[in-house]
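1. For reference, the sequence and a predicted model appear below.
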Amino acid sequence: MRFRTLAARLARIFKTPPCRSVDPPLRESGITLAALMIEAIRQREAEGCTTTLRQLHCLLDISQPTALRLAHLLAREGVVRIEENLSDRFESAICLSPGTRDLFSEMRYANNADSVA
């Protein structure tokens, strides 16, 4: 009898997933968010501004955890670099990696050459 009572309580507790599901950054609109994040960083760098995770989360209107996960995925792929702020993770500065900057430069020169020709 005790086992049935315990089983019934556990069934009620675990009827729903233990954590609410959060949209993984690269599902559905995640790729678009990644592109927008990269472009926001590129534009701010062109203006001479630094970009923090908190600014990106506000600019893109996404949650802070999603912005953090997306930035870390982009950093792992070598697209951006994160300069960690140990006292406040969301004040960490994010910049494009040298390879990504070079890629944007090549694209700009290719577009200029196409428009001149």
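-> Perfect, thanks for sending it. Residues are numbered from 1 along each chain as shown.

2. can you pull out the helices in this protein?
-> For the chain, the helices defined by DSSP state H cover 2-13, 30-46, 53-60, 64-76, 98-116.

3. What average pLDDT does the first one get?
-> The average of the pLDDT scores along helix 2-13 is 56.

4. start the count at 6, not 1, going forward
-> Yep, numbering from 6; the last one is helix 7-18 now.

5. What sits closest to L58 if chain neighbours are left out?
-> Once flanking residues are discounted, L58 sits nearest to F95: 4.6 Å by C-beta to C-beta, 6 or more residues apart in numbering. Yep, even glycine has a C-beta here, placed from its N, CA and C like the rest.

6. isn't the one you found right next to L61, touching?
-> No - under the criterion of C-beta atoms under 8 Å, F95 is not in contact with L61, lying 9.2 Å apart.

7. Those two: which is more packed in?
-> Using other C-beta atoms under 10 Å, the more surrounded residue of F95 and L61 is L61, with 23 against 15.
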